[in-house]
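*Asks:* Let me see the structure of the following:
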Amino acid sequence: MSTQTSIEWTQLTWNPTTGCSKVSPGCANCYAEAMCRRLSAMGMKGYENGFKVTLHPDRLGDPLARRKPSIYFVNSMSDLFHEDIPDSFIKAILGVMWQTPWHTFQVLTKRSERMASFFTDQSVPPNAWLGVTVEDRLHGAPRIQHLRNVPCSVRFVSMEPLLEDVGDVDLSGISWVIVGGESGPRARQMKPDWALNVRRQCEEWQVPFFFKQWGQWGADGKKRHKRDNGRQLLGQTWDEFPHPAGSLVPV
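*Replies:* Next up is the predicted model:
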């Protein structure tokens, strides 16, 4: 199932798998879990299992049916490298990417170790952008290093929800950084200095920077609906995108 999305850095979502499980602090208030359970309660087809990892072979052909070049966020409701998704199904998803060179596919994972291991004997489609989530210092360096080990055209880092100051980050070989605060009633606050630290380092490393949102907590430290907090940082929006000519070799 491919659907339009309000996620600012993509155009469509494609979910050939749904469901996941928590692996780190960024998962605590998972929007995908809440959405899956809501859709399951509504009786929506494909969400009968709630947030249990579920494969959807019937959705594999969705990008093939769309001729208009589009940017797809793959598995917005899951994690492509979850341990319960077999290698054979991941290969089937990659096969669709190879067959649709007119599309761009963005893959974001917290399971960077499996991703790096998977691609030791598999080629990454040139139209696939691979990314890792970094919410804190503990998980930042290892996930980014795993990502660097994968030969692909674009490597990106999503720091959302940004839960602390991540300090100095090695952005060598990284093509793009996204930063965002957390949404929802239990959202944890992102401090402005944390986001500004990342933006400064992106400038130093000459890495495109995308500021997605403040989330539930505004720059002024007040909690309100995320739409009222907006997307401005330092009085402007930051909607920089990568140039898909990144490293095709490990860094």
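
*Asks:* Using PDB, list the CA coordinates for stretch 128-138.
*Replies:* The C-alpha coordinates for stretch 128-138 follow below in PDB (Å, rounded to 0.1, in the frame of the first residue of the first chain):
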ATOM      1  CA  ALA A 128      18.000   3.500  -2.600                       C
ATOM      2  CA  TRP A 129      19.000   6.000   0.100                       C
ATOM      3  CA  LEU A 130      20.000   4.200   3.300                       C
ATOM      4  CA  GLY A 131      19.600   5.900   6.700                       C
ATOM      5  CA  VAL A 132      19.900   5.300  10.400                       C
ATOM      6  CA  THR A 133      18.100   6.900  13.400                       C
ATOM      7  CA  VAL A 134      20.200   8.600  16.000                       C
ATOM      8  CA  GLU A 135      18.400   9.800  19.000                       C
ATOM      9  CA  ASP A 136      21.200  10.000  21.600                       C
ATOM     10  CA  ARG A 137      25.000   9.700  22.000                       C
ATOM     11  CA  LEU A 138      25.000   6.000  22.900                       C
END
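
*Asks:* ends of stretch 171-189, how far apart?
*Replies:* End-to-end distance of stretch 171-189 (Cα to Cα, to the nearest Å): 24 Å.

*Asks:* Could you do stretch 73-80 as well?
*Replies:* End to end - Cα to Cα - stretch 73-80 spans 11 Å.

*Asks:* How about the contacts made by the most centrally placed residue in the chain?
*Replies:* By Cα atoms, centre = their mean, the chain has its centre lying nearest to Leu108, at 3.6 Å. Residues near Leu108 by Cβ atoms under 8 Å, 6 or more residues apart in numbering: Phe73, Val74, Asn75, Gly131, Val132, Thr133, Phe156, Ser158. Bear in mind the C-beta positions are built from the backbone N, C-alpha and C, glycine included.

*Asks:* That one belongs to a strand?
*Replies:* Yes. Remark: Leu108 belongs to a strand, assigned using DSSP: H, G, I helix; E, B strand; the rest coil.
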